[in-house]
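1. need coordinates for the below:
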Amino acid sequence: MRPMRTLADTFALYFTGLRAALATTMSMPKDHIAFLEMVWRYVLGLSGRLDRLVARWKNGTLPRPTAPRPGRARKAHAPPAFRLPRGRKWLIRRMPGTGIGAFGGQLEYLLANDAELAAFLEAAPQARRLLGPVSGRHPRDPTIHLRTGR
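-> Residues are numbered from 1 along each chain as shown. Just a heads-up that it's a prediction; the model follows:
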């Protein structure tokens with residue numbers, strides 16, 4: 001009998017596959033290399049952030065949600081030379097034909113069928129925001145919970 005896969009294992013497999021799909025795109029034109037390098041770093045960071053959130057969830061040490069604070073005036077900064085896109089599915093939209101879109105479908109399946117993932121996302125709403133670039137669902141979408149209608 002195979003041992004049950006943990007949520008941390010599931011994320012590790014998911015992001016390993018996503019990085020493998022990204023690695024196949026490294027033969028793209030030179031002007032895309034800077035973008036790919038930023039995406040690679042983003043995916044590595046995302047994987048690490050989710051791993052830490054899962055560990056804190058398992059240990060019962062997730063921070064409590066706080067009330068929103070009123071906005072403060074911020075210093076004006078020069079915009080970066082290049083910035084990654086924002087919003088849902090940007091990673092899938094920006095890299096068509098690379099197989100990365102399949103990872104969005106895989107994540108959608110996990111969101112709909114994995115009870116542990118549903119419990120984790122309920123306890124750690126910040127994880128929903130982190131998964132937005134590869135998921136088609138809005139971070140506050142109530143259908144993100146286990147086995148609910150789409």
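
2. quickly find the element holding P85.
-> Taking DSSP states H and E as the definition, one finds P85 inside no helix or strand.

3. grab the nearest non-local neighbour of the spatially most central residue of the chain.
-> In the chain, the centroid-proximal residue (CA atoms, centre = their mean) is L131; its distance is 2.6 Å. Distance criterion CB to CB, 6 or more residues apart in numbering; nearest residue to L131, sequence neighbours excluded, is L107 at 6.5 Å. Bear in mind the C-beta positions are built from the backbone N, C-alpha and C, glycine included.

4. look up how far D51 lies from the one you found.
-> According to CB to CB, to the nearest Å, L107 and D51 sit 16 Å apart.

5. and for E116?
-> 15 Å.

6. pLDDT wise, what is A55 at?
-> Turning to A55, the model gives it a pLDDT of 92.

7. excluding its backbone neighbours, what's nearest it?
-> Nearest one to A55, counting by CB to CB, 6+ apart, is A8 at 7.4 Å.

8. in this protein, where is pLDDT below threshold?
-> 1-4, 26-31, 68, 74, 80-82, 97, 136-150 (pLDDT under 70).

9. which helices and strands sit right next to the top helix by length along it?
-> Longest helix in the chain, counting residues (DSSP state H): helix 30-59. With contacts defined as 3 or more CB pairs under 8 Å, 6 or more residues apart in numbering; DSSP states H and E, the packing partners of helix 30-59 are helix 7-23, helix 90-94, helix 115-123, helix 125-131.

10. list the buried residues for that helix?
-> The neighbour-count check on helix 30-59 (16 or more other CB atoms under 10 Å) flags 35, 39, 43, 46-47, 50, 53-54, 57 as buried.

11. what do you get for stretch 64-81?
-> The neighbour-count check on stretch 64-81 (16+ other CB under 10 Å) flags nothing as buried.

12. off-centre distance for that stretch?
-> Centroid separation between stretch 64-81 and its chain, computed with CA atoms, centre = their mean, to the nearest Å, is 22 Å.
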